[in-house]
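[1] Sequence plus the predicted model coming up.
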Amino acid sequence: MMAAAGGVIGDGRTGAVVAAVVGLLGVVIGGLAVARSAGRISTGNERAWAMTAMVVGLTGIVLAGLHLATSTGGFGTGNGRAGAIVAIAIGLVAAFLGGLTVARSRRTALTG
């Protein structure tokens with residue numbers, strides 16, 4: 001498959017891209033959960049959003065870790081190793097946002 005810039009996007013990068021997209025989805029869900037817990041968006045079940053963000057973020061981390069474990073070659077070879085490392089960082093952000101929301105919901109439940 002040819003990319004628009006003339007480069008080839010092969011199977012080596014696909015795993016890293018999928019992991020990054022899953023991680024970004026987790027960050028979006030986590031951001032919504034944090035906004036809901038802060039009262040910026042209509043209140044709902046923030047805890048469910050937070051748990052979803054954590055699960056999706058950890059799924060992205062696992063996918064990126066599997067890609068790192070199974071890819072061959074080093075950085076700059078087109079195997080997506082650097083992308084997988086970025087995907088791990090994105091997944092960690094998603095898990096952090098979910099955890100932050102869970103902590104806020106616990107604190108609110110204790111004081112309210």
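    Ah, there it is.

[2] use CA for all of it now, contacts and neighbours both
    Will do.

[3] residue closest to the middle of this protein?
    For the chain, the residue nearest the mean C-alpha position is Gly23 (1.8 Å; C-alpha atoms, centre = their mean).

[4] Just name whatever secondary elements the helix or strand Val27 falls within is in contact with.
    Val27 is part of helix 11-37, with elements assigned from DSSP states H and E. Using 3 or more C-alpha pairs under 8 Å, 6 or more residues apart in numbering; DSSP states H and E as the contact definition, the elements that helix 11-37 packs against are helix 46-70, helix 81-111.

[5] Where among these is average confidence lowest?
    The weakest mean pLDDT among the helices and strands packed on helix 11-37 belongs to helix 81-111, with a mean of 83.

[6] Next, the buried residues of that one.
    81-102, 104-105 (16 or more other C-alpha atoms under 10 Å).

[7] so what secondary structure elements neighbour it?
    helix 11-37, helix 46-70.

[8] The shortest one - contacts with which helices or strands?
    If I follow you right, that is helix 46-70. Applying 3+ C-alpha pairs under 8 Å, 6+ apart, we find helix 46-70 packed against helix 11-37, helix 81-111.
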